[in-house]
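Chemist: With the sequence up front, the predicted model follows.
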Amino acid sequence: MQVKPGYLSPADQADLLSEIATVISAAPFFTPRMPRTGKPFSVAMTNCGPLGWVSDRAGYRYQPRHPETDAPWPAMPDRLLDLWDALSGYPGPPQACLVNYYGPGTRMGLHTDADEEDFSAPVLSVSLGDTALFRIGGTRRKDPTRSFRVSSGDIVLLTGETRRAYHGIDRLYPGTSRLLAPYGELFPEGGRINLTLRRVTPVSG
Ligand SMILES: O=C(O)CCC(=O)C(=O)O
Ligand SMILES: [Fe+2]
């Protein structure tokens, strides 16, 4: 794992968030549901890039279209492709950017990112808005975990061993960032946006 606190300047965070607001206007948030049970996630999701991660009763998967509008996902902003080039060490572009929205009181349970075919690429995660408590353990659910705070502009790369590690978000610290404030219509209660850039299929050739 690599953690890069404050990697994005406040100006870069604001520019990125404005691009993500445009993504959200083309691809509205949907409520993912647990496989089989259909229990809703507390986090809202959307995607940009050629593929997007979705979850419903049928299971977890990547697909090229929005599950509700059936439109192709909007393009990934160039600044995310540049970030991936600068930090991933992977010889191909990311294929999906999952956009998670955490409102007050939401969390994400411990899980592994396991729906990709190529685990040699890292998962590159960008935090925007309120600070959150990130927990990470080992590759087995029962492995010990440790926690640290992730704040707006921080980047975490799940690389190497940690690429297959259990991780999640235990809680938010509401009101710790003003970054989302200009988008009161989209995020009336503030909160946190997390972007994860993912390579799904191996680079061929
Ligand atoms: O919100 C985060 O920092 C982590 C998100 C995550 O683990 C995921 O989307 O798979
Ligand atoms: Fe994850």
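Modeler: Now that the structure is in, tell me what you want to look at. On a predicted model such as this, the values are computed, not experimentally measured, just so you know. Ligands and ions are numbered 1, 2, ... in the order given.
Chemist: now Ser88: how far from ligand 1?
Modeler: According to Cβ to the nearest ligand atom, to the nearest Å, Ser88 stands 16 Å off from ligand 1. Bear in mind the C-beta positions are built from the backbone N, C-alpha and C, glycine included.
Chemist: For that residue, what are phi and psi?
Modeler: For Ser88, the backbone dihedrals (degrees, to the nearest 10) come out as phi -80, psi -30.
Chemist: Which residue does the protein have closest to ligand 1?
Modeler: Distances between the chain and ligand 1 by Cβ to the nearest ligand atom are smallest at Asn194, namely 3.3 Å.
Chemist: and that residue, how many neighbours does it have?
Modeler: Counted with other Cβ atoms under 10 Å, the neighbours of Asn194 add up to 22.
Chemist: So it: helix, strand or coil?
Modeler: Under the three-state scheme (DSSP: H, G, I helix; E, B strand; the rest coil), Asn194 adopts strand.
Chemist: residue contacts, it?
Modeler: Listed by Cβ atoms under 8 Å, 6 or more residues apart in numbering, the contact set of Asn194 reads 99-100, 102, 125-128, 132, 169.
Chemist: Just the buried ones from the residues you listed?
Modeler: Buried members of the contacts of Asn194, scored by 16 or more other Cβ atoms under 10 Å, are 99-100, 102, 125-128, 132, 169.
Chemist: Can you give me the pLDDT of Ser204?
Modeler: Among the per-residue scores, Ser204 shows a pLDDT of 79.
Chemist: Gln13 belongs to a helix, doesn't it?
Modeler: Yes. Assessed with three-state DSSP, Gln13 lies in a helix.
Chemist: who's in contact with it?
Modeler: Contact partners of Gln13, counting by Cβ under 8 Å, 6+ apart, are 128, 152-153, 179.
Chemist: For Gln95, give me its contacts.
Modeler: 49-51, 62, 198-201.
Chemist: any idea of the pLDDT on it?
Modeler: The model reports Gln95 with a pLDDT of 98.
Chemist: ok, Asp113 touching Arg198?
Modeler: Yes. If you go by Cβ atoms under 8 Å, Asp113 and Arg198 touch, sitting 7.1 Å apart.
Chemist: Could you count how many residues lie near the closest residue to Arg164 other than its chain neighbours?
Modeler: Leaving aside its sequence neighbours, Arg164 sits nearest to Thr139 (Cβ to Cβ, 6 or more residues apart in numbering; 4.8 Å). Other residues lying near Thr139 total 12 when counted by other Cβ under 10 Å.
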